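1. Build me a model:
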Amino acid sequence: MADDDSRLELGEVIVEFTRNGSYLKCSAIHVATGREVSAMGPVNEPKSVERVAVAKLRRALASD
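-> Predicted structure coming up:
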């Protein structure tokens, strides 16, 4: 699966989901650096919200 492969390239990433009504917040934390980003989206699209969070993490780490 492409999502799992992209996460492996980053190293260890912790992904956490928090539901707030019809919205889902996904936080992605890069273990080696402690960098954290989050993304929000509809509760019925958890994989999409996770993809966005991991992409944001990748961009955040690239800008360091």
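
2. Need the nearest residue in space to the residue of the chain most remote from its centre, chain neighbours excluded.
-> Here the chain reaches farthest from its C-alpha mean at Gly21, the gap being 19.6 Å by Cα atoms, centre = their mean. The shortest distance from Gly21 to any non-neighbouring residue, by Cβ to Cβ, 6 or more residues apart in numbering, is to Val43 (7.8 Å). The way it works is simple: take the backbone N, C-alpha and C, and place the C-beta from them, glycine included.

3. Now do the contacts for that neighbour.
-> Applying Cβ atoms under 8 Å, 6 or more residues apart in numbering, we find Val43 in contact with Arg19, Gly21, Ser22, Tyr23, Leu24.

4. Which of these has the largest number of neighbours?
-> Among the contacts of Val43, the one with the most neighbours (other Cβ atoms under 10 Å) is Leu24, at 20 neighbours.

5. Kindly provide the distance from the residue nearest to that residue when sequence neighbours are not counted to Thr18.
-> Once flanking residues are discounted, Leu24 sits nearest to Val43: 4.5 Å by Cβ to Cβ, 6+ apart. Applying Cβ to Cβ, to the nearest Å, the value for Val43 to Thr18 is 10 Å.

6. which residues do the two both contact?
-> In contact with both Val43 and Thr18: Leu24, using Cβ under 8 Å, 6+ apart.

7. which residues in the chain form strands?
-> If DSSP state E is used as the criterion, the strands of the chain fall at 13-20, 23-30, 36-42.

8. Mean pLDDT added to these, as a markdown table?
-> Putting the strands of the chain into a markdown table (pLDDT from 0 to 100) gives the following:
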| stretch | mean pLDDT |
| --- | --- |
| strand 13-20 | 97 |
| strand 23-30 | 97 |
| strand 36-42 | 98 |
